[in-house]
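>>> Just need the structure, nothing else, for what follows:
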Amino acid sequence: RLKRSTVFVLPGFHADPVARRTQAEYIEHSLSLVRQYLLACRADPYYGVFFSEIDYLKPYLDLFPEEKAWIARLVKQERCATGGTYNHPDETLTGGEALIRNFLIGSRFHQTFTGSRSPVYIAWDVPGHIPQLPQILSQCGFEAIVFSRIDPTGPSRKIPGVPDLFQWHAPNGAAVYAQRIPFEQNAAEALDEQGRRLLELQQSEFPSLNAALFIDSGTMRVPRPAILGRCRDLAQEEPALVVTGDSATKYFSCVHTLVKSGKMDLLPVTRGLTPFNAAAALTRMDLKIATRLLENALFEAEVWGTAALLHGIPYPSHALDHAWRQLLFCQHHDGVSGQSTDIVFADLLDTLREALDTAARERHTLLSKIARLAATQPEPGEDHVFLFNSLPWMREGIARHWIDVNGPLENRILTDDFSKPVPFEIEQVTEA
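The predicted structure follows:
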């Protein structure tokens with residue numbers, strides 16, 4: 001428990017690399033913002049920053065590798081923290097495996113290149129969250145989530161009958177702390193006034209909690225200039241305003257201490273926070289189809305790659321990793337949802353097509369190599385066909401195999417590996 005009332009201020013910006021402009025324009029803008037926030041940290045030793053997404057952080061570190069040491073130093077000083085995810089995906093339009101990869105790949109990158117391991121998932125602009133998210137978050141090492149939007153028609157609307165701070169339970173019983181905090185704060189208003197008002201509002205619901213979390217962020221927003229050089233003085237005010245990129249971790253540490261000591265009870269919530277957004281579900285349907293095809297192709301390629309590795313066949317790790325990263329980039333909540341402009345839509349489709357070609361090519365190569373391991377010598381007049389099932393259970397259905405037919409069709413039979421007849425039909429196809 002804090003000895004004095006404290007508002008933890010989290011500075012940063014939200015990036016939308018796939019919305020209205022091209023990737024090149026967004027990345028250039030994002031790199032400029034990263035530079036501005038790091039310069040602000042150099043100018044004020046009591047200022048900090050939160051970097052949320054790999055979409056802009058990795059390109060920045062690739063261009064300016066000398067900044068890795070400075071960011072690592074800020075992380076060690078608890079002035080900087082990173083998001084722990086690849087980006088902010090649209091959970092309702094992505095598969096569970098892709099969502100897990102987003103968190104795991106993001107966490108590994110942030111921890112390896114910056115030394116930061118955030119226990120809080122800050123999804124400030126993601127419109128809605130699936131009910132299984134607490135389960136996925138807890139198993140990926142997260143303890144809490146901060147979100148802003150649950151209703152696309154009114155981003156600032158509260159959840160009916162639910163306080164802004166609660167304990168969110170998944171269907172399997174896993175739970176994380178959850179806090180709804182408004183996004184896109186007014187940068188023209190004095191920070192101390194905004195923080196004092198937020199703390200008073202929160203203490204009206206939770207009197208024993210003398211801390212609050214203030215998200216000083218917005219879409220592609222520059223650092224708030226009015227507080228630079230004043231962060232030390234703000235920390236001495238009443239309530240204290242602590243400006244740091246590690247604010248969310250410090251805030252939820254206070255919440256956890258009070259909950260575990262029995263001094264504060266949080267409402268257990270089991271419902272999903274997912275609105276039905278017909279526009280996002282039905283717009284740019286090609287993106288949804290391509291995303292699901294790529295998810296399935298990557299799953300199958302990994303299954304057969306693992307099986308092939310057991311027989312000494314090299315696993316195509318670099319190709320599949322590259323395809324996964326292309327998929328995760330396209331599953332940004334402004335990407336796969338289809339609310340982008342035409343040029344971004346074409347760019348996303350081209351990226352998904354390239355990744356799908358990679359996954360399908362590697363899958364075909366692996367199956368060909370496995371088939372050669374199991375190849376048998378057919379008798380004269382016979383052809384052997386191998387069927388591969390990537391699922392861990394028996395499947396029934398129609399399989400299609402292309403053959404060149406020489407001779408009469410009525411004399412052909414099809415049997416399984418136990419010589420039992422298998423019903424089939426021959427479709428004649430004439431090349432155009």
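
>>> which residue ranges form the helices in the chain?
Assigned by DSSP state H, the chain shows helices spanning 23-43, 54-63, 67-76, 96-114, 133-139, 191-205, 231-234, 247-260, 278-282, 285-309, 317-330, 342-373.

>>> Buried ones in the last one, by neighbour count?
Residues of helix 342-373 classed as buried under the neighbour-count rule (16 or more other C-beta atoms under 10 Å) are 344-345, 347-348, 351-352, 355-356, 358-360, 362-363, 365-367, 370. C-beta: built from backbone N, CA, C; applies to glycine.

>>> thinking again about what came up before, tabulate the helices of the chain (CSV), appending distance to Ile426 and mean pLDDT.
Below are the helices of the chain laid out as CSV (distance: least, C-beta to C-beta, whole Å; pLDDT from 0 to 100):
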stretch, distance to Ile426, mean pLDDT
helix 23-43, 48, 93
helix 54-63, 50, 92
helix 67-76, 62, 94
helix 96-114, 37, 92
helix 133-139, 47, 95
helix 191-205, 71, 92
helix 231-234, 77, 95
helix 247-260, 63, 95
helix 278-282, 39, 75
helix 285-309, 27, 96
helix 317-330, 35, 95
helix 342-373, 22, 94
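
>>> Of all these, which one is nearest Ile215?
Among the helices of the chain, the nearest to Ile215 by C-beta to C-beta is helix 247-260 (8.7 Å).

>>> Work out the gap between the closest one and the centre of the chain.
24 Å (C-alpha atoms, centre = their mean, to the nearest Å).

>>> Next: stretch 361-376.
Here stretch 361-376 is found 33 Å from its chain centre; the criterion is C-alpha atoms, centre = their mean.

>>> Equivalent analysis for stretch 284-291, please.
That offset, for stretch 284-291, works out to 18 Å (C-alpha atoms, centre = their mean).

>>> Would you mark the buried spots in it?
Buried-residue list, stretch 284-291, by 16+ other C-beta under 10 Å: 284, 287-288, 290-291.

>>> Could I have the CA atoms of it written out in CSV?
Provided in CSV are the C-alpha atoms of stretch 284-291 (Å, rounded to 0.1, in the frame of the first residue of the first chain):
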residue,chain,number,x,y,z
ARG,A,284,-13.2,-6.8,-47.0
MET,A,285,-14.1,-10.5,-46.7
ASP,A,286,-11.0,-11.4,-48.7
LEU,A,287,-8.9,-10.5,-45.7
LYS,A,288,-10.8,-12.8,-43.4
ILE,A,289,-10.6,-15.7,-45.9
ALA,A,290,-6.9,-15.2,-46.6
THR,A,291,-6.2,-15.0,-42.8
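
>>> Just the endpoints, please. Distance across stretch 322-337?
Stretch 322-337 has an end-to-end distance of 22 Å (C-alpha to C-alpha, to the nearest Å).
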